[in-house]
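Trainee: just the structure for this:
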Amino acid sequence: MRTRRYEVLLPARFNDGHEVVETCMRCLPDTLMEVVDRFGALTFDPRPSNGVWTRMGMRYDDELFRLAIDVPDTDDSRHWVATFKKELLTRFDQLEIYIVSYPSRCTEPSAVIGRCSRRRR
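Mentor: Residues are numbered from 1 along each chain as shown. Got it, this is the predicted structure:
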């Protein structure tokens with residue numbers, strides 16, 4: 001089965017500067033559990049990355065968490081991610097949630113869970 005990776009940048013701070021984990025204690029855990037409930041797995045980097053973007057002449061400096069999801073490359077998955085993005089925009093009170101996707105390929109499928117396994121050598 002073909003797979004696709006979605007990388008979602010989640011804000012560490014709301015637009016007003018308040019930290020997400022202090023203002024909305026359930027925002028991140030609920031977001032992560034939605035993904036696990038839907039796809040059974042995720043990768044989440046709790047170390048924020050810095051980002052900068054502009055919109056209509058206004059500069060925004062962001063601290064962002066990276067969420068990676070490997071999913072079946074289907075219309076159903078694409079529809080779920082599009083709906084999920086709309087929910088995230090509201091949940092995190094954002095002007096934009098950046099999501100990038102690209103085809104991914106497992107190098108070694110795991111028979112136990114039906115997903116890619118990664119061996120360390």
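Trainee: who touches the longest helix seen in the chain?
Mentor: Longest helix in the chain by number of residues (criterion: DSSP state H): helix 75-91. Residues lying outside helix 75-91 but in contact with it, judged by CB atoms under 8 Å, 6 or more residues apart in numbering, are 4, 6, 8, 10, 24, 27, 30-31, 34-35, 38, 69, 71, 94-97, 99, 101. For every residue, glycine as well, the C-beta is placed using N, CA and C.
Trainee: can you pull out the low-pLDDT segments for the chain?
Mentor: 107-121 (pLDDT under 70).
Trainee: in space, what's closest to Asn50 - neighbours in sequence excluded?
Mentor: Once its chain neighbours are removed from consideration, Asn50 has its nearest residue in Glu63; the separation is 6.2 Å (CB to CB, 6 or more residues apart in numbering).
Trainee: so which elements touch the helix or strand hosting that neighbour?
Mentor: Using DSSP states H and E, Glu63 sits in strand 58-72. Secondary-structure packing of strand 58-72 (3 or more CB pairs under 8 Å, 6 or more residues apart in numbering; DSSP states H and E): strand 3-11, helix 27-39, strand 43-55, helix 75-91.
Trainee: how about a cut-off of 7 Å?
Mentor: Counting contacts by 3 or more CB pairs under 7 Å, 6 or more residues apart in numbering; DSSP states H and E, strand 58-72 is packed against strand 3-11, helix 27-39, strand 43-55.
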